[in-house]
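Engineer: fold the following, please.
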Amino acid sequence: MKVQLIAICHGRSGDKGDTANVGLIARKQEYYAIIEKYVTPEKVKKHFEGIVLGTVERFELPNLWALNFLLHNALGGGGTKSLKNDAQGKTLAAALLKMEIEIEETITV
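Structural biologist: Model prediction:
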């Protein structure tokens, strides 16, 4: 089954220099296991191909039903240096929520 992340998650994003910080928060506790299993750093990097030029790190926060991603070298130098429209990464959570994942589980959203 294919599911778009926005159906099972909320998202927040921001920046620290040239690194974007994107959080995914599961809408239900049972969705956390799904995002933990399927939303990998490799898939996030591929989703942001051409935007994220560095590595993607993932941190699990199971007590919050959340994943946090650091997207390195993604903001053209950061808010004070970049000429990008979104130099602080505020729209990157919305962009990640558009990602579709293929899951084995059957869920009701």
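Engineer: CA only for contacts and neighbour counts going forward, please
Structural biologist: Fine.
Engineer: and the strands in this structure?
Structural biologist: Counting by DSSP state E, residue ranges of the strands within the chain are 2-4, 9-16, 19-26, 56-61, 66-71, 100-102.
Engineer: would you list the ones you listed in a markdown table and tack on mean neighbour count?
Structural biologist: Written out in a markdown table, the entries for the strands of the chain read as follows (neighbours: other CA atoms under 10 Å):
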| stretch | mean neighbour count |
| --- | --- |
| strand 2-4 | 13 |
| strand 9-16 | 18 |
| strand 19-26 | 24 |
| strand 56-61 | 16 |
| strand 66-71 | 22 |
| strand 100-102 | 14 |
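Engineer: by mean pLDDT, show me the worst of those.
Structural biologist: Taking each of the strands of the chain in turn, the lowest mean pLDDT turns up on strand 9-16, with a mean of 89.
Engineer: ok, the closest residue to Asn21 other than its chain neighbours - contacts?
Structural biologist: Taking CA to CA, 6 or more residues apart in numbering, and ignoring the residues beside it in sequence, Asn21 has Leu70 as its nearest neighbour in space, at 4.8 Å. Leu70 makes contact with Thr19, Ala20, Asn21, Val22, Val56, Glu57, Arg58, according to CA atoms under 8 Å, 6 or more residues apart in numbering.
Engineer: ok, those residues vs Glu30, which is closest?
Structural biologist: Sorting those by distance to Glu30 puts Arg58 at the head of the list, at 19.4 Å, by CA to CA.
Engineer: what is the closest one paired to in the beta sheet?
Structural biologist: The residues listed as beta-bridge partners of Arg58 by DSSP bridges are Phe69.
Engineer: quick check: it touching Ala66?
Structural biologist: No - the pair Arg58 / Ala66 is not scored as a contact, 10.5 Å apart, by CA atoms under 8 Å.
Engineer: no further questions, thank you.
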